[in-house]
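Trainee: how would this look folded up:
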Amino acid sequence: MLAPRFASILGAGDSAQGDSAPGEAAAPGDDSALLDAYSGAVIGALERVAPAVTFIEVVHNARSPRGRRERRGSGSGFLFTPDGYLLTNSHVVHGSERVTVRMNDDAGCSADLVGSDPDSDLAVLRIGSPTALPYVEFGDSAKLRVGQVAIAIGNPLGYSKTVTTGVISALGRTLRATSGRLMHDVIQTDAALNPGNSGGPLVDSRGRVIGVNTAMIPQAQAICFATGINTAKWVIAQLFAHGRVRRAYIGVSGASVPIATRVVRHFNLQSSGAVHVLEIAADSPAARAGVAVGDRLIALDGVAVDGIDGLQRRLDASCIGRDCELQLLRRSALIRVTLRPIELPAPVA
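Mentor: Numbering: from 1, shown residues only. A predicted model of the protein is given here:
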């Protein structure tokens, strides 16, 4: 049985042959009689989302032996409020001198950067408008299922509002951001993405945004990635509230290392991985707590830290300014220290 929105496209009494009698061919050029449920879903989603998808042009002032020169780039974005707030990738607008947003084929208007988070590769811009603007509806990336339809809309290679379709190939992927931090809960899709798609929406069959297209693997076939929209919702709230995303900082640099099986068994550890401390920032929370180079960090507040990415994941805003217990291995001893993380300093633009 067709869903109501598909039945309205085909007509309540239409079959795949339209109004043609049995054995009679459909009228030449009458594509409406050939639309199936899948086509109807894609077309319906596009009609709802495409008006809110934007073309983003950026200008960077690059240094050269002959002085400063302009370097241009482009990407995609989409409006999520009627008063002109839009979402895109951080790498699209990072370090730009000017950002111009075009809705359709208009001349475009300048955009202000509300905030950027390189660690999640997301940024929020705002454009002015005397009237309400079209905007998207957010979905829930926690409810996605592998195999469901995924539709990508953007401006690949400058071709405005190009649509590609596919499925959700996998969920819960991790991806390295340009900042070096690991992004979690990333969506993998086979909907084709190309340079210029960055920052555009990934939507479901009902036209709800489920992700922000962020990366592709040039050497691979149909392996593309999008930041889940639930992550984007959290980042937007942080940028609106603070102008940045707040993360905790303890002042150590290190490397992920394995722990010998006999040590794991002897101390009954939760994980066989740890962070080997290579350097400690002066007067940092870790330095004040007595953490030393060579220590192996294994848990924070009772939750296992199996490597540097696990430690970063644990150091969220909830840790800022409160006492946390850090468990570590020092030589052959298991010790606990208390430290109070501070807010991670903002990166230098």
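
Trainee: phi, psi of residue 155?
Mentor: Dihedral angles of residue 155 (phi, psi; degrees, to the nearest 10) stand at phi -130, psi 60.

Trainee: Check the gap between it and residue 226 for me.
Mentor: Remark: distance between residue 155 and residue 226 (C-beta to C-beta, to the nearest Å) = 16 Å. For every residue, glycine as well, the C-beta is placed using N, CA and C.

Trainee: who's more crowded, these two?
Mentor: Counted by other C-beta atoms under 10 Å, residue 155 and residue 226 do not tie: residue 226 has more neighbours, with 29 against 26.

Trainee: With adjacent residues omitted, what lies nearest to the more buried one?
Mentor: residue 211 (3.2 Å; C-beta to C-beta, 6 or more residues apart in numbering).

Trainee: Which secondary structure state is assigned to the one you found?
Mentor: The local conformation at residue 211, judged by DSSP: H, G, I helix; E, B strand; the rest coil, is strand.

Trainee: And the one 10 residues further on, by the same measure?
Mentor: Per three-state DSSP, the local secondary structure of residue 221 is coil.

Trainee: mind checking how far it is from residue 213?
Mentor: Residue 221 is 17 Å from residue 213, where distance means C-beta to C-beta.

Trainee: One more: residue 205?
Mentor: Taking C-beta to C-beta, one finds residue 205 at 17 Å from residue 213.

Trainee: the more surrounded of the two?
Mentor: More crowded of residue 205 and residue 213, by other C-beta under 10 Å: residue 213, with 29 against 19.

Trainee: Who does that one form a beta bridge with?
Mentor: Assessed by DSSP bridges, residue 213 has beta-bridge partners residue 226.

Trainee: how about low-confidence regions in the stretch 101-250 of the chain?
Mentor: Within the stretch 101-250 of the chain, the segments meeting pLDDT under 70 span 105.

Trainee: what residue is smack in the middle of the chain?
Mentor: Most central in the chain under C-alpha atoms, centre = their mean is residue 227, positioned 2.4 Å from the mean C-alpha point.

Trainee: Give the closest residue to that residue in space, chain neighbours not counted.
Mentor: That would be residue 212: by C-beta to C-beta, 6+ apart, it lies 4.6 Å from residue 227.

Trainee: where does the one you found sit relative to residue 243, distance-wise?
Mentor: From residue 212 to residue 243 the distance is 19 Å (C-beta to C-beta).

Trainee: Also residue 139?
Mentor: Between residue 139 and residue 243 the distance is 26 Å, computed by C-beta to C-beta.

Trainee: quick one, which of residue 212 and residue 243 is more surrounded?
Mentor: More crowded of residue 212 and residue 243, by other C-beta under 10 Å: residue 212, with 29 against 13.
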